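Peer 1: After the sequence you'll find the predicted model.
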Amino acid sequence: MKFSIIFFLLFLPFFCNANPTSQNITSIFAFGDSYTDTGNFVIMLGGAGPGIAIANPPYGMTYFGHPTGRCSDGRLIVDFMAEEYGLPLLIPYQAHSGSFIQGSNFAVAGATAINVEFFEKNNFVNFPLLRNSLDYQLTWFEDVKSTLCNSTEECKNFFSTSLFMIGEFGANDYSFILQAGRSVEEVKNTYVPFISS
């Protein structure tokens, strides 16, 4: 353990001085839940309204000066990554109407690792869920991919300079199951394999 800490401290200055733009990142594609969502959740709910907290102040006030659909008062890690690589902030996939050449954000607040139909079918929720789980986000990405490249070689060339950010998945899965009254023991023994695979 002591060696690991010393090793880390010795090489930390090299990592801090690394120039990320030298890696030629030309696009970012982000997946995840509320930690990464730049507005898809609000759009999927039909836009701003008094019942959607993240679509109203104080969300977004610190940096943007207005709500943006982020579950934050300011920017998210994905925003800092885009800025660091000289790219525009990622537009939510659900709001995108132009080119995806510089990437897109597929993350949606409340997204799950397991497909949402699982939670509805097993009565873990008593309300309809947004179609936002990882499988839906990957389907959206496949749709975008078809606009960016047409062959394996084209895709390999295009995505060789892309950064893929996979945000947090799983917390919402556990939350839905536990809120449905399942015990922690049942969750550990029965549902962890579904969520982690």
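Peer 2: Sure, I can see it.

Peer 1: Could you tell me the model confidence score at the residue nearest the centre of the chain?
Peer 2: Among the residues of the chain, the one closest to the centroid is residue 32, at 2.6 Å (Cα atoms, centre = their mean). Here the pLDDT value assigned to residue 32 is 97.

Peer 1: Now it: closest residue in space that isn't a chain neighbour?
Peer 2: residue 167 (2.1 Å; Cβ to Cβ, 6 or more residues apart in numbering). C-beta coordinates here come from the backbone N, C-alpha and C atoms, glycine included.

Peer 1: surely the one you found meets residue 36?
Peer 2: Yes - applying Cβ atoms under 8 Å as the test, residue 167 and residue 36 come out as touching, 3.4 Å apart.

Peer 1: When these two are compared, which one has more neighbours?
Peer 2: residue 36 (27 against 20; other Cβ atoms under 10 Å).

Peer 1: ok, now which ones touch the more buried one?
Peer 2: 30, 76-78, 105, 107, 165, 167-168 (Cβ atoms under 8 Å, 6 or more residues apart in numbering).

Peer 1: same thing but 6 Å
Peer 2: Neighbouring residues of residue 36 by Cβ atoms under 6 Å, 6 or more residues apart in numbering: 30, 78, 107, 167.

Peer 1: can you check residue 158 too?
Peer 2: By Cβ under 6 Å, 6+ apart, the contact list for residue 158 reads 148-149.

Peer 1: Would you quantify the distance from it to residue 139?
Peer 2: Going from residue 158 to residue 139 by Cβ to Cβ, to the nearest Å gives 19 Å.

Peer 1: what do you get for residue 80?
Peer 2: Note on residue 80: its distance to residue 139, by Cβ to Cβ, is 27 Å.

Peer 1: Show the low-confidence segments of this structure, by residue range.
Peer 2: Along the chain, the parts satisfying pLDDT under 70 run over 1-22, 48-50.

Peer 1: let's go with 50 and repeat that
Peer 2: Across the chain, the ranges flagged by pLDDT under 50 are 1-17, 21-22.

Peer 1: any chance you could map the helices in this structure?
Peer 2: 2-16, 40-44, 77-84, 116-121, 134-148, 152-159, 171-179, 184-186, 192-196 (DSSP state H).
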